[in-house]
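Undergrad: Have a look at this fold, sequence not included:
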């Protein structure tokens, strides 16, 4: 059995690392959006999990039911973060070819 070409393996690893860094950088520019309460609360999150904006319809503001508004904000934020994690996983997963477990050190939750 021939020995694997270490130089070739290192080249492939370097290219994968460069591709990963480029994809992580690109995720900063991608934005996902989620809403709750039929659009009463909308949250936008970047692919690198930064909340960019939260929009609240004035009709959602009921001083007698602050809890409902809190629940809507929470639900929309969690959904936006989940969508952003899916986006990151899809973008980065294609580069690694499903290497999976070795990605935990990248600092991206969910990978």
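TA: Okay, I see it. Predicted model, so just to flag it, every value in this text is computed and none were measured.

Undergrad: Mind jotting down where the helices sit in the protein?
TA: In the chain, the helices defined using DSSP state H lie at 6-27, 66-96.

Undergrad: for this structure, what are the low-confidence residue spans?
TA: Within the chain, the stretches with pLDDT under 70 are 1-3, 96-111.

Undergrad: mind redoing it with 50?
TA: For the chain, residues meeting the criterion pLDDT under 50 lie at 100-106, 110-111.

Undergrad: rewinding a little: redo the helices of the chain as JSON lines? Include distance to residue 48 and mean neighbour count.
TA: To be clear about C-beta, it is placed using only N, CA and C from the backbone, and glycine gets the same treatment. What follows is those, written out as JSON lines (distance: least, C-beta to C-beta, whole Å; neighbours: other C-beta atoms under 10 Å):
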{"stretch": "helix 6-27", "distance to residue 48": "5", "mean neighbour count": "12"}
{"stretch": "helix 66-96", "distance to residue 48": "7", "mean neighbour count": "17"}
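
Undergrad: which stretch among those helices comes nearest residue 51?
TA: Ranking the helices of the chain by proximity to residue 51 (C-beta to C-beta) places helix 66-96 first, at 6.7 Å.

Undergrad: Figure out how far the closest one is from the centre of its chain.
TA: Centre-to-centre, helix 66-96 and its host chain are 7 Å apart (C-alpha atoms, centre = their mean, to the nearest Å).
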